[in-house]
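[1] Sequence isn't available, so here's the structure alone:
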């Protein structure tokens, strides 16, 4: 499956337009891309796997309660072993519309989101955590 036809391409284009996958903690598995390229793309509380392995096998090796599991070194090493390759670097692709969607001054600090999955995960690795959200409450930022 090539370029613009690939489901991952459509997902990235939608994200760039401000419509990322729903932050519902799910994992979307799409077909692998053409060539020797496999990918794990992580969005807020949503991961997309484009890996040349059966979906059932991939999902069986992930802790579905851990939002970061698909980028975990152990999982990436397991995938590389199954594909007889070595894991590449974890890279970042950032996309955004040309104008800010939310004015940073509009972010409000929140003390009522301790049970939010992103906040719970961040608190496992950091102390002095501060949580902010946009005026609609749909975006959560931890610092």
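    Structure's in. What do you need? The model shown is predicted, which means the values in this text are computed figures rather than measured ones.

[2] May I have the secondary structure class of the residue most central in space within the chain?
    Ranked by distance to the mean C-alpha position of the chain (CA atoms, centre = their mean), the top residue is residue 42 at 1.7 Å. Following DSSP: H, G, I helix; E, B strand; the rest coil, the label given to residue 42 is strand.

[3] Can you show me the helices along the protein?
    7-16, 55-60, 73-82, 117-125 (DSSP state H).

[4] measure residue 116 to residue 107 for me?
    Note on residue 116: its distance to residue 107, by CB to CB, to the nearest Å, is 15 Å. Quick note: C-beta positions are derived from backbone N, CA and C, even for glycine.

[5] Between those two, which has more neighbouring residues?
    When neighbours are counted by other CB atoms under 10 Å, residue 116 and residue 107 differ, and residue 116 comes out ahead with 17 against 14.

[6] Next, count neighbours for the nearest residue to residue 26 once chain neighbours are set aside.
    Of all residues not flanking residue 26 in the chain, residue 46 sits nearest, at 5.9 Å (CB to CB, 6 or more residues apart in numbering). As a burial measure, residue 46 scores 19 neighbours (other CB under 10 Å).

[7] which ones are touching residue 46?
    For residue 46, the contact set (CB atoms under 8 Å, 6 or more residues apart in numbering) comprises 20, 21, 22, 23, 24, 25, 26, 27, 28.
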